[in-house]
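J.: I would like the atomic coordinates for the input below:
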Amino acid sequence: MAMEMEEKVEEKKPAVESQKQRKSEESIPHPAPHSVEPEDSFISAPASWQIPPGALQAKADHANHVRLLEPIIKVNHKLERLEERVKEYPDDLEAWNALKTEIQQTGDLVQMRKFYEKFLAVFPTSPRQWLAYLEMELKHSNFNEVEGLFRRCLKTVLSIDLWKFYLGYIRRINMGENGAAATPEGRTIIEKAYEYVLNNVGIDKEAGPIWADYIFFLSSNKTTNTWEEQRKMDSMRRAYQKAMAIPLNNVEHLWKEYDQWENTLNRLTAKKFLSERSSAYMTARTALREMRGFTDQLSRTIIPRRTEWTDKDLQQLEVWREYIQWEKGNPLHLEDEEAVVERVAYAYQQAFLVLRFFPVLWFDYAMYYKEIGKVDKALTVLKQGMEILPTSLLIHFAYAELCESRKQFDEARQAFDSLLEQLDQDIEKLKSTAQKSVEKLQQEAEEEKSGMNLSDDIDGELREQLRQREKQIKKEQDEIEERVKEQVDGVARSCSLVWIMYMRFARRSDGIKSARSLFSRARKTTNLTYHLFVASALMEYHNSKDATIAGKVFEIVGYKLFADDPAFVCEYLDFLIEMNDDNNTRALFERALSTMPAEKAGPIWSKFLDYENKYGDLAGVQGVEKRRNEAIQGTTVLESSLFRYSYLDIGIDIDSELGGEARKEKSPNVAQSPVIQEATVSGTTGHERSHRNKDHGKKPLLQPVHPEKYPRPDFEQWKPFKPLTDSARHVAPNTVTVPRVVAPDSVPKVSTPTPDVPPVAAAPAPPVTWNKTQSTDLPGPIAYFVSSLPPAHSFNGPSIQAGELADLLRNIIVPVPAQLPAPGNTSGTMVAPGRNQNPQSHPKNIMNGPPMHSQQQMAGRDMPPIRGIPGNRAGRGGFKTRGGGMPMRGGKGNMKRKTRDDHEDDYMPHKGMGPNRPPDNDIFRARQVKRHRDDPPY
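T.: Have a look, this model is predicted:
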């Protein structure tokens with residue numbers, strides 16, 4: 001019954017609640033319905049009381065969510081830009097570091113792993129990034145990942161820091177809390193790890209701490225019987241003796257420890273062991289001193305990048321090669337050749353950590369193995385270098401030649417094919433990059449133009465700006481295309497060289513038919529130069545002895561493609577001349593000169609003239625010379641004659657017959673003809689030519705710096721000063737007479753007429769000889785300098801009145817800061833030093849004094865004008881000259897001048913700080929004052 005009553009009550013509850021809800025809805029006033037819905041959105045929008053509270057909360061949550069996502073979106077955009085940057089420019093280390101910082105701030109372990117994998121794929125020999133990767137995985141206790149990383153990097157990156165980290169990891173997982181090995185098996189693992197590390201990097205001079213730790217680990221082993229103790233002693237002695245023979249940084253410290261340890265065990269046996277190892281220790285110590293001369297200059301912390309052949313790159317390369325050459329000389333005097341090879345190989349591997357992209361190092365390393373008879377290792381080194389430098393011609397050619405010597409023809413062909421494929425990819429990449437740059441320029445120009453909102457009616461100034469902008473964009477496009485064309489031409493020359501080497505290999509290995517098939521295959525490619533056709537034609541001529549095929553290659557195949565290339569035409573002419581085919585040679589001369597532009601036909605004209613000069617008659621020589629002079633403007637008869645009157649490296653002596661060097665030394669600014677310059681340079685020594693070429697590369701003093709940014713004056717408009725000759729000089733009537741001075745006899749004296757007599761321009765001034773006994777108001781050197789100056793009438797610039805300028809400077813009143821009251825001043829007024837304290841003592845007739853020049857004459861010619869004297873109009877004081885009866889500075893009478901050592905001088909407190917005032921507690925000055933006070937008066 002109770003259950004039934006509860007069910008009835010529950011059934012009645014919803015009905016009661018529904019009735020309450022209907023009553024509440026009826027009590028809420030509803031707005032009157034409108035027949036027509038208004039158009040205004042704010043009228044049709046629901047009122048705030050009609051919006052459910054859940055909708056407002058959802059809108060606020062959405063706004064907060066968007067606001068929280070904004071920094072994440074910004075970070076993602078920045079990460080995308082940085083990833084695109086490192087993908088496009090993988091050698092940009094700044095972009096890599098910025099990308100690493102952004103990912104580290106997110107704290108995403110997966111993203112950090114991806115970053116390290118991408119970075120190490122580009123820079124696999126960076127020990128710092130390997131260590132950072134290992135520390136990150138070890139921090140999260142990912143031991144399987146740590147061991148996998150060790151297997152990837154330890155053998156390829158021989159870095160001491162990386163191997164130390166490996167030892168620390170092994171000790172961490174095999175030692176207990178007290179620092180000792182947890183189990184005997186763990187101690188064995190640690191000992192094997194030490195041996196493994198020392199076998200790989202123990203010969204490094206930085207491996208001294210590892211040797212010391214290994215010896216300490218051996219000494220900490222606890223023994224239980226005599227056999228174990230003896231085994232422990234043997235292991236320690238063996239470790240010490242190995243370390244003594246290596247030039248380690250702490251080799252001297254290890255030697256002292258070894259000496260002490262041997263003497264602790266047994267003094268009799270210690271003498272024997274130490275005497276046996278002392279020579280190896282001395283050799284290692286001497287080698288360490290020599291090694292530091294090389295290694296101190298090496299940079300081991302830089303990340304290897306594609307070389308740009310800067311001065312620093314060249315300096316590092318030369319130091320590494322010198323150090324490796326020093327290691328090849330066996331400075332440790334090792335009897336085991338394998339030990340020497342091991343040290344040299346370790347030096348090369350250390351160099352590859354920082355100079356990974358230098359082909360010459362890989363080539364030297366391979367050739368070293370080849371010289372000692374280890375061809376297999378040489379092939380391994382070259383193959384590794386080919387993987388790192390896929391476009392290096394030096395490494396690929398050396399590898400192919402080494403394979404050919406071992407009859408491994410398939411590997412050689414594969415090397416040539418892979419190199420050609422990589423070069424073709426580089427050309428396509430260059431072209432695509434240039435196309436993207438041009439499209440980007442055009443897109444930016446279109447966006448800029450569309451952003452200006454131009455109408456049909458634009459003013460002339462804006463139209464001119466648009467035209468200038470279009471010219472600038474066109475100029476930038478042309479620069480990009482020209483730069484890419486030069487790069488593509490360089491790669492095309494490399495492709496031609498690879499095809500030529502490939503044809504030579506095919507001819508040596510399979511015969512001339514294989515070379516022909518390769519030539520037919522090469523002709524189908526587009527990235528070729530004329531060198532391939534010349535090589536194929538000459539190969540046919542010299543190997544198959546068939547001049548017809550060679551002629552067809554030159555004429556039918558090559559000339560159609562390179563008729564406008566003077567280098568190819570010259571090679572074709574050399575072939576015809578060697579064949580003694582006079583008719584075809586002359587026909588080719590005429591045909592090439594008729595179609596080739598004059599600015600490119602210079603080498604062909606020279607060859608034509610040389611051919612006629614050697615094998616033709618005089619009329620033909622003169623005819624070709626005349627035609628050449630007409631075609632090439634600026635060629636003189638002398639140049640043509642000098643060219644004809646020579647053979648190989650002998651000709652007319654330019655110095656003896658034309659004065660080449662003398663002419664150049666006497667008038668270096670006069671341009672000489674190219675023939676004379678070439679002949680003059682050919683007669684000098686190699687040292688002089690190198691020095692001259694070095695000077696030629698220097699920039700002139702007034703060369704414009706960024707002329708497109710900063711305007712420079714037109715130096716062609718500068719008119720240098722050219723003084724008139726004695727016959728043409730004349731003096732203006734108002735010139736100042738120069739006083740007579742004494743000068744050397746070799747200097748002529750120029751006389752100046754007095755202002756009363758007008759000068760006569762037609763008649764030259766009579767020469768006046770110098771008189772040494774004549775009195776002068778100026779010293780001799782100054783008088784000589786004044787006499788060498790140009791006359792006054794040649795100066796046409798603004799004139800400055802020296803007297804007025806001196807008066808202006810002399811009458812400037814410099815403000816003096818307020819000072820403390822003088823000791824005798826009871827009024828408390830401030831008195832500036834040097835001012836007259838008694839205004840009545842100042843003379844009243846200041847303006848009635850003698851003129852200024854009279855005062856200067858009385859003061860002497862070497863003394864400056866005296867301040868404060870009458871007539872000087874000075875603003876400071878009214879003192880007169882010393883001893884002249886006039887008041888001194890401050891209006892005081894004649895009194896003894898205080899010396900510098902007097903204690904009552906300018907350093908007194910009432911005279912202000914001053915620029916040279918010593919500190920208040922100046923011990924040296926107090927000592928000087930006391931000594932001066934105690935001295936007896938004279």
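
J.: residue 319 contacts residue 299, doesn't it?
T.: No. Using CB atoms under 8 Å, residue 319 is not in contact with residue 299; the gap is 9.2 Å. All C-beta atoms are positioned from the backbone trio N, CA, C, and that covers glycine.

J.: those two: which has the busier surroundings?
T.: Neighbour count, other CB atoms under 10 Å: between residue 319 and residue 299, residue 319 has more, with 18 against 11.

J.: name the SS class of that one, please.
T.: helix (DSSP: H, G, I helix; E, B strand; the rest coil).

J.: and it, what does it touch?
T.: 294, 297-298 (CB atoms under 8 Å, 6 or more residues apart in numbering).

J.: can I have the buried ones of the residues you listed as a ChimeraX selection?
T.: A single ChimeraX command is used to select the members of the contacts of residue 319 judged buried by 16 or more other CB atoms under 10 Å:
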select :294,298
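
J.: so of the contacts of residue 319, which ones are in helices?
T.: If you go by DSSP state H, the contacts of residue 319 have residue 294 in helices.

J.: and which of the contacts of residue 319 is nearest residue 405?
T.: Of all the contacts of residue 319, residue 405 sits closest to residue 294, with 33.6 Å by CB to CB.

J.: state the distance from the residue nearest to the closest one when sequence neighbours are not counted to residue 792.
T.: Leaving out its chain neighbours, the residue that sits closest to residue 294 by CB to CB, 6 or more residues apart in numbering is residue 323, at 3.9 Å. Going from residue 323 to residue 792 by CB to CB, to the nearest Å gives 70 Å.

J.: ok, residue 321 next?
T.: 67 Å.

J.: where does residue 267 land on pLDDT?
T.: Note on residue 267: pLDDT of 87.

J.: give me the number of residues near it?
T.: When neighbours are counted by other CB under 10 Å, residue 267 registers 9.

J.: same question for residue 256.
T.: 11.

J.: helix or strand: which one has it?
T.: helix 251-265 (DSSP states H and E).

J.: got the buried residues for that helix?
T.: Those would be 251, 254-255, 257-259, 261-262, for helix 251-265 by 16+ other CB under 10 Å.

J.: what lies in contact with that helix?
T.: The contact list for helix 251-265 (CB under 8 Å, 6+ apart) reads 208, 211-212, 215, 233, 236-237, 240-241, 243-244, 248, 269-270, 273-274, 277, 281, 284-285, 288.

J.: which of the residues you listed count as buried?
T.: Buried, going by 16+ other CB under 10 Å: 208, 211-212, 215, 236-237, 240, 243-244, 248, 270, 273-274, 277, 281, 284, 288, out of those.

J.: where does the prediction get shaky in the stretch 801-938 of the chain?
T.: For the stretch 801-938 of the chain, the stretches flagged by pLDDT under 70 are 816-921, 932-938.

J.: err, the chain, not the other one
T.: Applying pLDDT under 70 to the chain flags residues 1-75, 177-182, 453-457, 660-777, 816-921, 932-938.

J.: ok, longest helix in it?
T.: When the chain is parsed with DSSP H, its longest helix is helix 460-510.

J.: so what does that helix touch, helix or strand wise?
T.: Helices and strands touching helix 460-510, by 3 or more CB pairs under 8 Å, 6 or more residues apart in numbering; DSSP states H and E, are helix 393-405, helix 409-451, helix 512-523, helix 531-543.

J.: residue 355 should be in a helix, yeah?
T.: No. Judged by three-state DSSP, residue 355 forms no part of a helix; its state is coil.

J.: count the neighbours of it for me.
T.: By other CB under 10 Å, 23 other residues sit near residue 355.

J.: ok, it - contacts?
T.: 304, 316-317, 320, 361.

J.: state the distance from it to residue 606.
T.: Going from residue 355 to residue 606 by CB to CB gives 44 Å.

J.: using CSV, write out every CA atom in the helix holding residue 256.
T.: Provided in CSV are the C-alpha atoms of helix 251-265 (Å, rounded to 0.1, in the frame of the first residue of the first chain):
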residue,chain,number,x,y,z
VAL,A,251,100.3,13.4,-19.5
GLU,A,252,102.7,15.0,-17.0
HIS,A,253,100.2,14.6,-14.1
LEU,A,254,99.7,10.9,-15.1
TRP,A,255,103.4,10.4,-15.2
LYS,A,256,103.8,11.7,-11.7
GLU,A,257,101.0,9.4,-10.5
TYR,A,258,102.6,6.5,-12.2
ASP,A,259,106.0,7.2,-10.7
GLN,A,260,104.4,7.4,-7.2
TRP,A,261,102.4,4.3,-7.7
GLU,A,262,105.3,2.2,-8.9
ASN,A,263,107.5,3.4,-6.0
THR,A,264,104.7,2.5,-3.6
LEU,A,265,104.6,-1.0,-4.8
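
J.: strands along the stretch 501-650 of the chain, start to end?
T.: Ranges of strands within the stretch 501-650 of the chain are 646-647, 650-651, based on DSSP state E, counting those that start in this stretch.

J.: show me what the first one packs onto, helices and strands only.
T.: Contacts defined by 3+ CB pairs under 8 Å, 6+ apart place strand 646-647 against no helix or strand at all.

J.: note down every partner strand of it and its orientation.
T.: Sheet pairing here is set by DSSP bridges, and for strand 646-647 it gives strand 650-651 (antiparallel).

J.: by contact count, what packs against the helix or strand following the partner strand?
T.: Helices and strands here follow DSSP H and E; after strand 650-651, the next one along the chain is helix 654-657. If you count contacts as 3+ CB pairs under 8 Å, 6+ apart, helix 654-657 packs onto helix 660-666, helix 674-682.

J.: how about helix 654-657: buried residues?
T.: Residues residue 654 are the ones in helix 654-657 that count as buried (16+ other CB under 10 Å).
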